[in-house]
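Novice: The amino acid sequence is not available; the structure is as follows:
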């Protein structure tokens, strides 16, 4: 098959879009499509400073690469979560990417900041690892963004991620989650905006970009993700997509355009957390509540000295 | 494994419900659950006359059987659709069921009434077979119900059917279809109410009832259903259900309780069709429009004499 735009051999075939492209034109198309999503949803202004949440996987590294190439001041933020060698390798690949390109990277080490990584945090808080980890990531990424003066955070969520989250939220309907889902979460006092410039790209499309650009990334899944519901939802949606190319995109866009606007209810009232000052609907935010509980239990078990005090503020290291 | 209610060996295990039952208690449970759904949604009043749409498959025969046993005046309506031997066998098995029980059966033969069965209808109307067939069934079942004085029509749609339709309507969001979906469609002038007493039973649960009651039914799928999207949606949902028992029921009930009430918009204004007098949103209803087009084309091709005229009214035969 030939590239749609030149005589070269097509390297990537995009079934749902009826497109086949050579390496060069694929990379070009990918950049243009990202820029189009950014403009369409007013995610960023030209050249704007943006904090990119970077795990070291294909999606986040591709996003950092693309935002940099599109002329945004893209600063990486990596969270070292203390999940054994997986976390070490994640940091290494992220750091190498930043060093090779001379891009600024911030690093927050969970264990260094609070004394425990995700495995111990999960155990001590009585939460499932993915829940304790997700809460920590959302909280810390926002804290760093606000403290370091970023209006907006970008994440590498792709179409497969977003469609799977939507499917999960429809299978167990949670109105507030359905209302919040989308490519842009606007900023509020104490909350940086969150944008997902890749939300229209399938996982395969992002992977193709990362491979064709020759970006080394961490291929392994987080060991905690095994058996995660999101993987099951992705599998079910992939079965549909395989038989009806374009189904995932129609599903997500259709929901965002036709159903979500009807669901929007009242915005929850946000107050300042009594501990950290960041927005919460209750008195103490879930992040501070979780960690205070963990500290109490850790002291009982003598894992922490009696005088140890949980302090929510982190200071990121300049990593690259 | 033992029955939950007696010492007998369990014949049916209901995973999503954490129940195992012997034959006798399963049949009892199935009846009670149907009655509960009927009461909860006020589908029927005690002993009410109801027209049951009967294809000859496991769901519709089980429904007819259950409604009769629950004391409703259940009259069967079978449409002979002219889909070759499949339709002949459907009619035979339906007729035998009615005869053996002495239950009243009405039969409408599409070919006899209008000159063409589904295959020719699809070809002459330029519609996909399932679309032409579905439109004809909805229209004719309603017409017979209204003309024969039934307030309400019952169909054998089960949880798998309903969840698949919902999934399809979410994958390609159609607001009006999402608003209309549900276990009860209320009656309106010229429109009989439509109820689905089995909407909470999985396909497997209905099958178990039919088998344990020893009801002979047509095992084959309609030959036109091959490759139907609904089968793909069912497969995807079954993948989820297998790993998360109860997922389909939570999906459907969650939608009906939490999302659908937010979607309800204005009711479409219904007028009388200029040809048949039955409700429609336009001037001539889709059923009459389809058949008038078919008659025009059939005359051109000399499949019908020039003086042939489409008449929408049918007179059902007393079939058993």
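Specialist: Okay, I see it. For clarity, every value in this text was computed on a predicted model and none was experimentally measured. Numbers count the residues shown, from 1 in each chain, chains lettered A, B, ... in the order given.
Novice: Tell me the bridge partners for residue A:20.
Specialist: residue A:13 (DSSP bridges).
Novice: From chain B, how far out is it?
Specialist: Distance of residue A:20 to chain B, given as C-beta to the nearest C-beta, to the nearest Å: 25 Å. C-beta coordinates here come from the backbone N, C-alpha and C atoms, glycine included.
Novice: what do you get for residue A:112?
Specialist: In terms of C-beta to the nearest C-beta, residue A:112 sits 37 Å off from chain B.
Novice: Just the pLDDT at that residue, thanks.
Specialist: We have a pLDDT of 94 for residue A:112.
Novice: any idea how far the helix or strand it falls within is from the chain center?
Specialist: Per DSSP states H and E: residue A:112 is located in helix A:110-114. Centre-to-centre, helix A:110-114 and its host chain are 20 Å apart (C-alpha atoms, centre = their mean, to the nearest Å).
Novice: Next, the buried residues of it.
Specialist: For helix A:110-114, the neighbour count (16 or more other C-beta atoms under 10 Å in any protein chain shown) marks A:110, A:113-114 as buried.
Novice: Then stretch A:218-232?
Specialist: Quick answer for stretch A:218-232 (16+ other C-beta under 10 Å): A:218, A:222, A:224, A:228-229, A:232.
Novice: and those, which of them are in helices?
Specialist: Among the buried residues of stretch A:218-232, the members falling in helices (DSSP state H) are A:229, A:232.
Novice: Of the buried residues of stretch A:218-232, which are in range of chain B?
Specialist: A:229, A:232 (C-beta under 8 Å from any C-beta of the partner chain).
Novice: Any idea which of the buried residues of stretch A:218-232 the model trusts least?
Specialist: Here the lowest pLDDT out of those sits on residue A:228, with 82.
Novice: which residues does that residue contact?
Specialist: For residue A:228, the contacting residues are residue A:130, by C-beta atoms under 8 Å, 6 or more residues apart in numbering or on different chains.
Novice: now residue A:97
Specialist: By C-beta under 8 Å, 6+ apart, the residues touching residue A:97 are A:54, A:56, A:61, A:64-65, A:103, A:215-216.
Novice: repeat that with 6 Å
Specialist: residue A:61 (C-beta atoms under 6 Å, 6 or more residues apart in numbering or on different chains).
Novice: Number of residues surrounding residue A:214?
Specialist: Neighbourhood size, residue A:214 [other C-beta atoms under 10 Å in any protein chain shown]: 6.
Novice: mind checking how far it is from chain B?
Specialist: The separation that residue A:214 has from chain B, given C-beta to the nearest C-beta, amounts to 35 Å.
Novice: about what we covered before: check which element follows the helix holding residue A:112 along the chain.
Specialist: helix A:118-125.
Novice: That next one - what's its average pLDDT?
Specialist: In this model, helix A:118-125 has a mean pLDDT of 95.
Novice: cool, and stretch A:23-43?
Specialist: The average pLDDT for stretch A:23-43 rounds to 97.
Novice: List the buried residues of that stretch.
Specialist: By 16+ other C-beta under 10 Å, the buried positions in stretch A:23-43 come out as A:23, A:25-27, A:29-30, A:33-35, A:37-38, A:43.
Novice: In helices, which of the residues you listed fall?
Specialist: Residues of the buried residues of stretch A:23-43 located in helices (DSSP H): A:23, A:25-27, A:29-30, A:33-35, A:37-38.
Novice: ok, of those, which one's closest to chain B?
Specialist: Distance to chain B across those (C-beta to the nearest C-beta) is lowest for residue A:37, with 20.1 Å.
Novice: What's the separation between the spatially closest residue to that closest one that is not a sequence neighbour and residue A:4?
Specialist: Nearest residue to residue A:37 in three dimensions, chain neighbours excluded: residue A:197, at 5.3 Å (C-beta to C-beta, 6 or more residues apart in numbering or on different chains). Distance, residue A:197 to residue A:4, by C-beta to C-beta, to the nearest Å: 23 Å.
Novice: sorry, back to before: the residue nearest to residue A:37 - how many residues pack around it?
Specialist: The tally of other residues near residue A:197 (other C-beta under 10 Å) stands at 29.
Novice: pretty sure it contacts residue A:35?
Specialist: No: no contact is recorded between residue A:197 and residue A:35 when judged using C-beta atoms under 6 Å, the distance being 8.5 Å.
Novice: I'd like the buried residues of stretch A:218-232 as CSV, with distance to residue A:271 appended.
Specialist: Output for those, formatted as CSV (distance: C-beta to C-beta, whole Å):
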residue, distance to residue A:271
A:218, 38
A:222, 33
A:224, 32
A:228, 32
A:229, 32
A:232, 37
